[in-house]
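Asks: Based on what follows, work out the 3D shape:
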Amino acid sequence: KGYPESYELIKEKGYLIFLISPSIYNGALNSQISEIIMSEKTRMLINDIKDTELSYMKHLKKMNISTVNFDDLGEGRILADLLFDSFYAEEKSGLREYFGPRYVVLRDEFIRRKERRGNISQPVRSLAVLMGSTNAGNYLEKIFKALVRLPDNIECHIILGKNVANSELYQLDYPRKNFLFHYQPENIAELFSQVDLAVTAGGISMCETCILGIPTLVIPQVPHESQNAKVFEKFGAVFALDYNPDISEHEIHTPLIRLIQDHEKRKKLSQHARQIVDGKGLERIVDIILSRLM
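Replies: Numbers count the residues shown, from 1 in each chain. Modelled structure (predicted):
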């Protein structure tokens, strides 16, 4: 519950939907899941749960059902038949675990545009900022203050999600000609493909800039995003800052200027980003599931 748009999208595709209260877990959840599995004769359950509990996964094991877990950091992950995590600290593949950026799943709009990017231009003419759909930690204000200190000839495309509180006020607070605000745009891939540099959080937006080969400064908004960003930085794909809820505008402005001035660094980031996120993550996952569990 709580995701009406997702509900409607799945419903449009003709799939059955069972709503389970997010406030229940353990016994009550196990009971509801059991009823669904038995009534639908389910052979496989895919868990997109950040922290599965051991008791929950043990219950599924007793029902003799195949389980596939995604991005699961909970104790129950050890009992999954297949475990995928594109942000895990190590790139690791085995009979049960498949980790690393090779398993990033992206929307088709980004995959279609990945070959359309040209070379990384010497001067940075434009950049994009996307700090997730909610602006967790309220980093945007500090980012705006850092952007104000950039040359006026750099266009700054600010992409604001629907859950960013008071998003319309930012345009009033920063009425600059080079600040272009985009509210809930449907063409994010197109916007990204037109810029020379990006500033993102350490989640899926970071992966979206990587597939397009956009040099990216990553500012983690929560601790686990810092771990995500460090994985990508290890591959030379992004320039990642440490998680710091008290980060200052200076600590954002300094690395931003460094990237703007270092053309060779941006070229290397772009090259490595394209190498580790190639848009084939979903295809790999489907092949593994079909070969292992079907």
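
Asks: quick one, what contacts the most centrally placed residue in the chain?
Replies: Centroid-nearest residue in the chain: I204, 1.2 Å away (criterion: Cα atoms, centre = their mean). The neighbours of I204, taking Cβ atoms under 8 Å, 6 or more residues apart in numbering as the test, are L106. Yep, even glycine has a C-beta here, placed from its N, CA and C like the rest.

Asks: Model confidence at it, what's the number?
Replies: Looking at I204, its pLDDT is 93.

Asks: before we move on, what about the one 5 residues further on?
Replies: T209 carries a pLDDT score of 96 in this model.

Asks: Surely it touches A201?
Replies: No. Judged on Cβ atoms under 8 Å, T209 makes no contact with A201 at a distance of 10.9 Å.

Asks: does C156 have beta-bridge partners, and which?
Replies: Under the criterion DSSP bridges, C156 forms beta bridges with L127, F179.

Asks: May I have the residues that are in contact with it?
Replies: Each residue near C156 by Cβ under 8 Å, 6+ apart is listed here: S126, L127, A128, V129, L147, L150, R176, N178, F179, L180.

Asks: now do I289
Replies: Here I289 is in contact with M44, V68, L82 (criterion: Cβ under 8 Å, 6+ apart).

Asks: ok, T209 and A201, which is more surrounded?
Replies: The neighbour count for T209 versus A201, taken as other Cβ atoms under 10 Å, is higher for T209 (29 against 25).

Asks: would you say that one is within a helix?
Replies: Yes. Assessed with DSSP: H, G, I helix; E, B strand; the rest coil, T209 lies in a helix.

Asks: Offset the numbering so it begins at 202, please.
Replies: All set: I'll call the first residue 202, so the last point we hit is now T410.

Asks: Just the strands from the stretch 302-451 of the chain, written as ranges.
Replies: Here the stretch 302-451 of the chain has its strands, by DSSP state E, counting those that start in this stretch, at 327-331, 356-361, 380-384, 398-401, 417-419, 440-441.

Asks: Make a markdown table out of these and add mean pLDDT and distance to L296.
Replies: As requested, the strands of the stretch 302-451 of the chain are exported to a markdown table (pLDDT from 0 to 100; distance: least, Cβ to Cβ, whole Å):
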| stretch | mean pLDDT | distance to L296 |
| --- | --- | --- |
| strand 327-331 | 96 | 37 |
| strand 356-361 | 95 | 40 |
| strand 380-384 | 93 | 44 |
| strand 398-401 | 97 | 34 |
| strand 417-419 | 98 | 32 |
| strand 440-441 | 98 | 31 |
